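[1] sequence below, structure please.
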Amino acid sequence: MSTEPVPAEVENYFADLEPDQRAVLYPVIDTVRDAMPPGYALGMYWGMPGWVIPLETYPNTYNGRPLAYVSVAAQKNYNSLYLMGLYGDPAADAAFRAEWAATGRMLNMGKSCLRFKTLADVDLGIIARTVASIPVDRYLATYQRIRPASATAATRAATRDPAPGATATQ
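    Numbering: from 1, shown residues only. This next block holds a predicted model:
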């Protein structure tokens, strides 16, 4: 459970929303924050509030940016909750979808993006259990399993790190 203060830029994001958007998103982000396992950091990433694995924890990402875990955004016609922990984990994704189906609610979801218009469209209990179920080490293991080998080479080239066993030249 996260007890970290909310960064000012995240508070500003919500302050800039319409009151009806805040009324829908506040309970969602509060649920996510309360369920968040330790090790993820809240901030503004890709124009929306989200939790990431900081580069200090895992710097070897495919794009040199922190690994996104959960993000929330107000869109023009709906809201989005990005559950990236489900993206590369078929078992977790199937469990989430099965639990959601059991509620009778319609699921409007792509590979990781849960779309909803009202608070009644989401099951906060399922969201909390899903977020809490993927600690940093499990998410990193999934990321490393599905990450293409070319991404590793691209990251090394971008950061000028030599390949394992190679000697750096000048």
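
[2] in the longest helix seen in the chain, which residues are buried?
    In the chain, with assignment by DSSP state H, the single longest helix is helix 19-35. Residues Val24, Leu25, Val28, Ile29, Thr31, Val32, Arg33, Ala35 are the ones in helix 19-35 that count as buried (16 or more other Cβ atoms under 10 Å). (Each C-beta comes from the backbone N, C-alpha and C, glycine too.)

[3] quick one, strands of the chain?
    Under the criterion DSSP state E, strands of the chain are mapped to 41-45, 48-53, 67-74, 79-83, 113-116.

[4] list every C-alpha atom in stretch 39-54, with coordinates, as CSV.
    The C-alpha trace of stretch 39-54 is given here as CSV (Å, rounded to 0.1, in the frame of the first residue of the first chain):
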residue,chain,number,x,y,z
GLY,A,39,8.5,0.0,-5.4
TYR,A,40,6.3,1.8,-8.0
ALA,A,41,6.5,5.6,-8.2
LEU,A,42,3.6,7.9,-9.0
GLY,A,43,4.3,10.8,-11.4
MET,A,44,3.3,12.3,-14.7
TYR,A,45,4.3,10.1,-17.6
TRP,A,46,3.2,10.3,-21.3
GLY,A,47,0.9,13.2,-20.3
MET,A,48,-1.1,11.3,-17.7
PRO,A,49,-0.7,10.3,-14.0
GLY,A,50,0.7,6.8,-13.5
TRP,A,51,2.9,4.5,-11.6
VAL,A,52,6.2,3.3,-13.0
ILE,A,53,9.2,1.3,-12.1
PRO,A,54,11.7,4.1,-11.7
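
[5] work out the gap between that stretch and the centre of the chain.
    7 Å (Cα atoms, centre = their mean, to the nearest Å).

[6] next: stretch 89-97.
    Worked out by Cα atoms, centre = their mean, stretch 89-97 lies 15 Å from the chain centre.

[7] buried residues, it. List them.
    Applying 16+ other Cβ under 10 Å to stretch 89-97 flags Asp89, Ala92, Asp93, Ala95, Phe96 as buried.

[8] same question, stretch 52-72
    Those would be Val52, Ile53, Tyr58, Asn60, Thr61, Pro66, Leu67, Ala68, Tyr69, Val70, Ser71, Val72, for stretch 52-72 by 16+ other Cβ under 10 Å.

[9] can I get those residues in TSV including pLDDT?
    What follows is the buried residues of stretch 52-72, written out as TSV (pLDDT from 0 to 100):
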residue	pLDDT
Val52	97
Ile53	97
Tyr58	95
Asn60	88
Thr61	89
Pro66	95
Leu67	95
Ala68	95
Tyr69	96
Val70	97
Ser71	96
Val72	96
